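Novice: below: sequence and its predicted model.
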Amino acid sequence: MQKNLPTLSELESEARDFAKTLAPTDGTATLITLSGELGAGKTAFTKALAKALGVEDAVTSPTFVLEKIYVLGESVPFTRLIHIDAYRLKEGKELGALGFDEAMREEKNLIILEWPEQVDDALPLPAIRIRLEPQADGSRTITYTHE
Ligand SMILES: Nc1ncnc2c1ncn2[C@@H]1O[C@H](COP(=O)(O)OP(=O)(O)OP(=O)(O)O)[C@@H](O)[C@H]1O
Ligand SMILES: [Mg+2]
């Protein structure tokens, strides 16, 4: 599915709507990958999604810390939101150090991964893949693929 999002606030509202569609699957965490060039809006999308899930802490880009974990409240079907930025990783093996495999085994985890291309060899299925593409007019095209 593909849509055009003319402004940041439309991207935020898209992320909120998307958050509402998510529910845990049996036996595995929910993995969402976010692709798109630097500044495409991957972190902006994650911030709005986190807010929709009731995260009150400031959600900042995990570019330097690689991973941030937010505990979610009882009104949400997931217990944890795990936000990973793989930009600085060079191969899938490096995800292991972040506890990725263990995190994937907990079905109440919602894992959002920026720059999945960096670690593609280690990514399990199923995943919801999201691509954000900046257009010349400043809008973003968003594409969802379910694998
Ligand atoms: N239509 C739009 N949708 C989303 N972001 C927009 C839009 N127009 C402008 N922006 C701006 O683009 C920037 C997106 O930055 P963001 O940190 O979310 O990108 P990113 O994809 O996470 O980049 P990085 O790869 O560096 O992590 C923000 O500063 C945001 O305000
Ligand atoms: Mg980012």
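Specialist: Sure, I can see it. Please read these numbers as outputs of a predicted model, since none were measured by experiment. Numbers count the residues shown, from 1 in each chain. Ligands and ions are numbered 1, 2, ... in the order given.
Novice: CA only for contacts and neighbour counts going forward, please
Specialist: Noted.
Novice: now do the phi/psi pair for residue 135.
Specialist: Backbone torsions for residue 135, taken as degrees, to the nearest 10, come to phi -110, psi 170.
Novice: what's the residue lying closest to it once chain neighbours are set aside sitting at in phi/psi?
Specialist: The shortest distance from residue 135 to any non-neighbouring residue, by CA to CA, 6 or more residues apart in numbering, is to residue 141 (7.2 Å). Taking degrees, to the nearest 10, you get phi -100, psi 130 for the backbone angles of residue 141.
Novice: in contact with residue 141, which residues?
Specialist: By CA atoms under 8 Å, 6 or more residues apart in numbering, the contact set of residue 141 is 2-5, 131-135.
Novice: which residues of the protein lie near ligand 1?
Specialist: 5-8, 11, 37-44, 138-140 (CA under 6 Å from any ligand atom).
Novice: could you redo the last one with a cut-off of 8 Å?
Specialist: Within the chain, the positions adjacent to ligand 1 are 5-12, 35-46, 61, 63, 85, 87, 114-115, 132, 134, 138-140 by CA under 8 Å from any ligand atom.
Novice: PyMOL command to pick out the buried ones of those residues?
Specialist: The buried residues among those can be selected in PyMOL (16 or more other CA atoms under 10 Å) with this line:
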select buried, resi 5+11+12+35+36+40+41+42+43+44+45+46+61+85+87+114+115+132+134+139+140
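Novice: the helices in this protein, which residues?
Specialist: All helices of the chain, identified by DSSP state H, fall at 8-21, 42-52, 100-105.
Novice: including mean pLDDT, could the ones you listed go into CSV?
Specialist: Below are the helices of the chain laid out as CSV (pLDDT from 0 to 100):
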stretch, mean pLDDT
helix 8-21, 98
helix 42-52, 97
helix 100-105, 96
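Novice: save those helices as JSON lines, and put in distance to residue 93 too.
Specialist: As requested, the helices of the chain are exported to JSON lines (distance: least, CA to CA, whole Å):
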{"stretch": "helix 8-21", "distance to residue 93": "29"}
{"stretch": "helix 42-52", "distance to residue 93": "23"}
{"stretch": "helix 100-105", "distance to residue 93": "10"}
